[in-house]
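Engineer: Below is the structure, and that's it, no one-letter string:
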């Protein structure tokens, strides 16, 4: 088993509001990302991976509670699709999301 290896220069800080925003990923062609929300966040952040047209919603997107760190796999090898953007929306404005690209098994 190979633990998560962080990609150099692969972490982004995204300011999350209560409106959907799709942010271009600084590192693409990765199948895993670590999503971290600081404990100082006061609301849930919802995310979805995809293209610039991807929309995150507070009802169907992946929820991240304040102070949460989650490793997610997106579109595994052989599917022919890799995300170029991460869409985010907060249950309220003023939230932060750290997105770190990498790989592991």
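Structural biologist: Structure received. Please read these numbers as outputs of a predicted model, since none were measured by experiment.
Engineer: rest of the way, CA atoms for contacts and neighbours
Structural biologist: OK.
Engineer: Check which strands are paired with the worst-scoring helix or strand of the chain on mean pLDDT and give the direction for each one.
Structural biologist: Ranked by mean pLDDT, DSSP states H and E, the helix or strand of the chain with the weakest confidence is strand 5-16, at a mean of 83. According to DSSP bridges, strand 5-16 has the following sheet partners: strand 95-103 (antiparallel).
Engineer: could you give the mean pLDDT of the partner strand?
Structural biologist: Average pLDDT, strand 95-103: 88.
Engineer: Other residues contacting that strand?
Structural biologist: The contact list for strand 95-103 (CA atoms under 8 Å, 6 or more residues apart in numbering) reads 3-7, 10-17, 27-28, 30-38, 41-43, 45.
Engineer: 6 Å instead?
Structural biologist: Strand 95-103 has contacts (CA atoms under 6 Å, 6 or more residues apart in numbering) with 4-7, 10-16, 32-37, 41.
Engineer: ditto for stretch 23-33
Structural biologist: Contacts for stretch 23-33 (CA under 6 Å, 6+ apart): 10, 71-74, 76, 82, 84-86, 100-103.
Engineer: which SS state does residue 38 fall under?
Structural biologist: The local conformation at residue 38, judged by DSSP: H, G, I helix; E, B strand; the rest coil, is coil.
Engineer: can you count the residues close to the residue lying closest to it once chain neighbours are set aside?
Structural biologist: Of all residues not flanking residue 38 in the chain, residue 67 sits nearest, at 4.6 Å (CA to CA, 6 or more residues apart in numbering). For residue 67, the neighbour count with other CA atoms under 10 Å is 13.
Engineer: residues touching residue 67, list them.
Structural biologist: By CA under 6 Å, 6+ apart, the neighbours of residue 67 are 37, 38, 39.
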